[in-house]
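Novice: Got a predicted structure here, sequence first:
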Amino acid sequence: MNHVGLLFDPETVAVVGASNALDKWGAGIFSRVLVSPSVKRAYPVNKTAAEVQGVKAYPSVRDLPEPVDFVAIVIPYPDVPDVVRDCVATGVKVGLIITAGLGETGEEGARLEKEIYETAHQGGMRLVGPNCMGHFNTANGFSTLRMPIPVPKGDVGVISQSGGFAMHILMAGLEAGTGFSKFVSVGNEADLHFEDFFEYLAKDNETKVITGYIEGLRKGREFFKLAGEVTKKKPTVVVKVGRTDVGARAARSHTSAIAGSDEIYDAMFRQAGVIRVNEVEELFDVASALLNQPLPRSNRVGILTGGGGFGCVASDACARLGLDVAPLSPDTIEKLNQVLPDRWPHANPVDTVATGPVTYPCIWPLLEDENLDSLLVIGGIGPMPMRAMSSMAMASLQQADNAPDLIERAERMFQAYQDEEMRNLDKLFEYMDKYQKPVLIFGMNPTMLQESPIYAKLREKGLMIYPTPERAAKTLAHLVQYSRYLNGA
């Protein structure tokens, strides 16, 4: 029996600790289960309430009218062992224990956690947690998260050894426009471990990129052996904490994880093709790029900028990360001469020297250049300059005698700019596909774009506008690293 599969797709569910009090975890979780379209029957278990959220409640799992596939346990830790015994007695296959206060708290908590595991193990029941935050499956709409977060369907699977931090992971992903396949917070890993879910997501058709938050792997050899096989077909991106002694101690006290030697983790990640990042934002920068960008053949990058300062910043960032700001071919320089004035530097980075809206005419020859494997575009994509000009122009035109006519003409002009850029974006996507080169975009204040159709079109294709050149360069460096791994370099 695939217990992990049943965890994500149960037909019958009980929530022990289901509540009518909206400030309780049991209320939020039962609400999520109750509205999960794939769940045929949901049972609240509550010792004192006759009904929970309009559904008949039962005092214990033993009192349920039928055996259930899955039980979520949201009660104080001293009562958890009895509930697990009830689950085993009635044939429950898999359970998730939200409850904290066990293995992460010390010797007595660890003893109780071991008792819970042994009871479940002897009865053929598998457990997630304790001390976790829940899980979800967007393919069928099933969720045990406390909060009603609208999670879009997508291709990214998430495994987190932190409960509270997992919420930050999800919110950062949503902010980045990421769609998720499955998510699980594994907590103390008394039974099912990070590695078990990694193996499951490796075979999951809905998951195209696996991401993880790791404090310490308990079955490290198993993980790295599996990762060496998985990453050849499915990228894996992780945040691994515990780089410092302070961080390692914090990990041990948090989920009782053993952080281990950071140098060993680093080496094994590289060997197994696992992409290690330092921040959650970076996690989704890279995951999104892996899903939506071509992989570069090598590390030669072209930089296109409207100003020399940004070109210097981007060049420094690329050089620090092992990216080669490569020379342009003579043919590319000649093509750019047809677009730019004589004062442009005739080199990479390509500075358009504030010529005007020439970004796209410069992009085409750069993507055609065989000396370049990728392109970093700084500004010039998106209507931010046009929007600023539009606001200023409209304000000044309001004072003119013929304001209505001038405003109408200005609006037509700005609409024409936007229509032209939408056509250019179509061509950009075609060029990226044709030449198999990633294009990473930096733009100041990208939140200004969010209401524009250009932003929507970029999001639809999974392309981000990075808030700093360094973040764009770092993402590109990870793409290069992964491409080299796949090619055996």
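Specialist: Looks like it came in fine.
Novice: and the helix ranked longest in the chain, what does it pack onto?
Specialist: Counting residues, the longest helix in the chain under DSSP state H turns out to be helix 403-435. The helices and strands touching helix 403-435, judged by 3 or more CB pairs under 8 Å, 6 or more residues apart in numbering; DSSP states H and E, are helix 359-368, helix 384-397, helix 453-460. From N, CA and C alone the C-beta is placed, and that goes for glycine too.
Novice: Which helix or strand lies directly C-terminal to the shortest one?
Specialist: The first helix or strand that comes after helix 453-460 along the chain, using DSSP states H and E, is strand 465-466.
Novice: May I have the strands that pair with that following strand, each with its orientation?
Specialist: strand 439-442 (parallel) (DSSP bridges).
Novice: returning to that earlier point: what inclination does the longest helix of the chain have with respect to helix 453-460?
Specialist: Using axes from the mean of the first three to the mean of the last three CA atoms, to 10 degrees, the direction of helix 403-435 lies 20 degrees away from that of helix 453-460.
Novice: got the buried residues for helix 403-435?
Specialist: Of the residues in helix 403-435, those buried under the neighbour-count criterion (16 or more other CB atoms under 10 Å) are 406, 410, 414, 417, 421, 424, 425, 428, 429, 431, 432, 435.
Novice: Would you check that the fifth one makes contact with residue 454?
Specialist: Yes - the pair residue 421 and residue 454 qualifies as a contact (CB atoms under 8 Å) at a distance of 5.7 Å.
Novice: and the residue lying closest to residue 137 once chain neighbours are set aside, what does it touch?
Specialist: Of all residues beyond its chain neighbours, the one nearest residue 137 is residue 8 (4.2 Å), with distances taken as CB to CB, 6 or more residues apart in numbering. Taking CB atoms under 8 Å, 6 or more residues apart in numbering as the definition of contact, the neighbours of residue 8 are 135, 137, 140, 142, 182.
Novice: how far away is residue 8 from residue 216?
Specialist: As defined by CB to CB, to the nearest Å, residue 8 lies at a distance of 24 Å from residue 216.
Novice: coming back round to it: from the chain's centroid, how far away is the longest helix of the chain?
Specialist: Computed by CA atoms, centre = their mean, to the nearest Å, the separation of helix 403-435 from the middle of its chain amounts to 31 Å.
Novice: can you check stretch 15-29 too?
Specialist: What separates the centre of stretch 15-29 from the centre of its chain is 28 Å, taken as CA atoms, centre = their mean.
Novice: what's the answer for stretch 436-445, then?
Specialist: A distance of 18 Å separates the centroid of the chain from that of stretch 436-445, by CA atoms, centre = their mean.
Novice: Give me the contacts around it.
Specialist: Under the criterion CB under 8 Å, 6+ apart, external residues in contact with stretch 436-445 comprise 289, 293-297, 310, 314, 363, 367, 372-379, 381-382, 384, 428, 431-432, 449, 458, 463-469, 471-473, 475-476, 479.
Novice: Give the rounded mean pLDDT of that stretch.
Specialist: When the per-residue pLDDT values of stretch 436-445 are averaged, the result is 89.
Novice: Next, please give the residue ranges for the strands of the stretch 101-250 of the chain.
Specialist: If you assign secondary structure with DSSP state E, counting those that start in this stretch, the strands in the stretch 101-250 of the chain sit at 126-128, 135-137, 142-143, 153-160, 180-185, 209-214, 236-240.
Novice: Reformat those strands as a markdown table; add mean neighbour count, mean pLDDT and distance to residue 268.
Specialist: Supplementary listing: the strands of the stretch 101-250 of the chain in a markdown table, determined by neighbours: other CB atoms under 10 Å; pLDDT from 0 to 100; distance: least, CB to CB, whole Å:
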| stretch | mean neighbour count | mean pLDDT | distance to residue 268 |
| --- | --- | --- | --- |
| strand 126-128 | 26 | 98 | 25 |
| strand 135-137 | 25 | 97 | 27 |
| strand 142-143 | 23 | 98 | 33 |
| strand 153-160 | 24 | 96 | 17 |
| strand 180-185 | 26 | 97 | 23 |
| strand 209-214 | 25 | 96 | 12 |
| strand 236-240 | 23 | 96 | 10 |
